[in-house]
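Participant: would you be able to build a 3D model of this:
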Amino acid sequence: MALSVDIEKQLGDFTLSVRFEAENECLALLGASGCGKSVTLRCIAGILTPDKGKIVLDGVTLFDSTAQIDLPPQKRQVGYLFQQYALFPNMTVRQNIAAAVRDKQRRKAVTEEKLRQFRLEEVADKLPGQISGGQQQRTALARILASEPKTILLDEPFSALDSYLKYQLEVELAETLEQFPGTILWVSHDRGEVFRNCRRVCVLDQGISQGTFTLRELFHQPVTEAAARLSGCKNYADAVPMGNAVSLPEWGLILNCGKEVPADIRRIGIRAHHVTIAEPQSPGSFPCAVQRVIQDVFITIVLLRPEGAAPDAPPLRMELDREDWYAVEDKQHVWAAIQPRDILLLK
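Facilitator: A predicted model of the protein is given here:
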């Protein structure tokens, strides 16, 4: 099974323009809040109608503005797990699951099977408001799978849960979906969640898809600043290519990149943990004043100002183990270094 999406949708001042393809895989739609992730899912499910474009699922056209095809939601075979699960509040767990089974002759057998599969037998006759958030999520998943969908859409499936329950249910959800034969779209703004559960990522930025990346590409070779930000990079600066190096006017630095820098590069990114303490005057190192030190749970965050930085330049963020910072003798002035392989060249 495969899913192909190429759509545009105007909602007030917001423009959605998304294009991606997914095979039998768990593909993440990753982006900040308000970037259009949920709108994309609603267009695929048939809840919203795109202004133009095409959506094809396993060879079946769900939407085509040119051919004037727009299948209703109930004919799309799309399973949609909403953020708040959207269970029928006046129906029991058993009735919620049974409502999704199309074949009346198999309804009872399928319902009982899903109750066993999702360990819901003990709460089968309770209403959604009488069970826990985890049980509600399992009920919603059981209902989705009982409908025999060709694709499953997960809209930030853990946003309604506390952190302790979230990680427990994340493992359960991953185990449940391992056997699903079709495409799964996993919407999230949590890169850790995406890293643990998906192999490829479609990045959305302000309604525009930025391309599809493998996890390695996203975390090690992002080509746009939007992708780099979503992968957790925290340091950015305007850059001027200089052969195998880049000049960073804001910080007053010239950094060796270890390779020819393309002429169209205008920005660079540096991950905070790739800014390291160096020996004074060592090759590639540069002196910095310490602006601020922030103690996080497991790390120390140090905000640096390179010696030649402009007055309004953003600080250079460094993250290191608490023990490593404790060992630094002069905590007002340090020498820092960035390896050429750790400089992200961004278009």
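Participant: quick one: low-confidence residue ranges for the stretch 1-150 of the chain.
Facilitator: Within the stretch 1-150 of the chain, the stretches with pLDDT under 70 are 1.
Participant: which stretches in it count as helices?
Facilitator: Secondary structure of the stretch 1-150 of the chain (DSSP state H, counting those that start in this stretch): helices located at 37-45, 93-98, 107-117, 133-146.
Participant: in a markdown table: these, plus distance to residue 199 and mean neighbour count.
Facilitator: Just so you know, the C-beta spots here come from the backbone N, C-alpha and C atoms, and that holds for glycine as well. A markdown table is the format used below for the helices of the stretch 1-150 of the chain (distance: least, C-beta to C-beta, whole Å; neighbours: other C-beta atoms under 10 Å):
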| stretch | distance to residue 199 | mean neighbour count |
| --- | --- | --- |
| helix 37-45 | 18 | 23 |
| helix 93-98 | 30 | 24 |
| helix 107-117 | 25 | 17 |
| helix 133-146 | 21 | 22 |
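Participant: ok, now how distant is residue 226 from residue 98?
Facilitator: Distance, residue 226 to residue 98, using C-beta to C-beta, to the nearest Å: 44 Å.
Participant: could you do residue 32 as well?
Facilitator: Per C-beta to C-beta, residue 32 is found 38 Å from residue 98.
Participant: what's the answer for residue 183, then?
Facilitator: Going from residue 183 to residue 98 by C-beta to C-beta gives 26 Å.
Participant: and residue 250, by the same measure?
Facilitator: Taking C-beta to C-beta as the measure, residue 250 falls 62 Å from residue 98.
Participant: what do you get for residue 307?
Facilitator: 70 Å.
Participant: likewise for residue 63?
Facilitator: Going from residue 63 to residue 98 by C-beta to C-beta gives 29 Å.
Participant: which residues does stretch 143-156 contact?
Facilitator: By C-beta atoms under 8 Å, 6 or more residues apart in numbering, the residues outside stretch 143-156 that reach it are 1, 3, 37-38, 41, 44-45, 57-58, 77-83, 87, 96-102, 110-111, 114, 173, 177, 180, 182-189.
Participant: so which of those residues are in strands?
Facilitator: The members of the contacts of stretch 143-156 that map onto strands under DSSP state E are 3, 57, 78, 79, 80, 81, 183, 184, 185, 186, 187, 188.
Participant: now for the residues you listed: which two are most distant?
Facilitator: Largest separation among the ones in strands among the contacts of stretch 143-156 by C-beta to C-beta: 57 and 188, giving 21.4 Å.
Participant: could you flag which of the contacts of stretch 143-156 are buried?
Facilitator: Neighbour counting over the contacts of stretch 143-156 (16 or more other C-beta atoms under 10 Å) leaves 1, 3, 37-38, 41, 44-45, 57, 77-82, 87, 96-98, 100-101, 110-111, 114, 173, 177, 180, 182-189 as the buried ones.
Participant: am I right that residue 303 is in contact with residue 290?
Facilitator: Yes - taking C-beta atoms under 8 Å as the definition, residue 303 is a contact partner of residue 290 at 7.5 Å.
Participant: now the ones in strands among the contacts of stretch 143-156 as CSV including distance to residue 134?
Facilitator: Output for the ones in strands among the contacts of stretch 143-156, formatted as CSV (distance: C-beta to C-beta, whole Å):
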residue, distance to residue 134
3, 28
57, 30
78, 24
79, 19
80, 19
81, 14
183, 25
184, 20
185, 22
186, 18
187, 20
188, 18
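Participant: looking at these, which is nearest residue 261?
Facilitator: residue 188 (32.6 Å).
Participant: can you lay out the helices of the stretch 1-150 of the chain as TSV showing distance to residue 285?
Facilitator: Output for these, formatted as TSV (distance: least, C-beta to C-beta, whole Å):
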stretch	distance to residue 285
helix 37-45	41
helix 93-98	62
helix 107-117	58
helix 133-146	50
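Participant: closest one to residue 273 among those helices?
Facilitator: helix 37-45 (27.3 Å).
Participant: how much space between the spatially closest residue to residue 250 that is not a sequence neighbour and residue 171?
Facilitator: Spatially, and ignoring its direct neighbours in sequence, residue 250 is nearest to residue 313 (4.2 Å; C-beta to C-beta, 6 or more residues apart in numbering). Computed as C-beta to C-beta, the residue 313 to residue 171 distance reads 43 Å.
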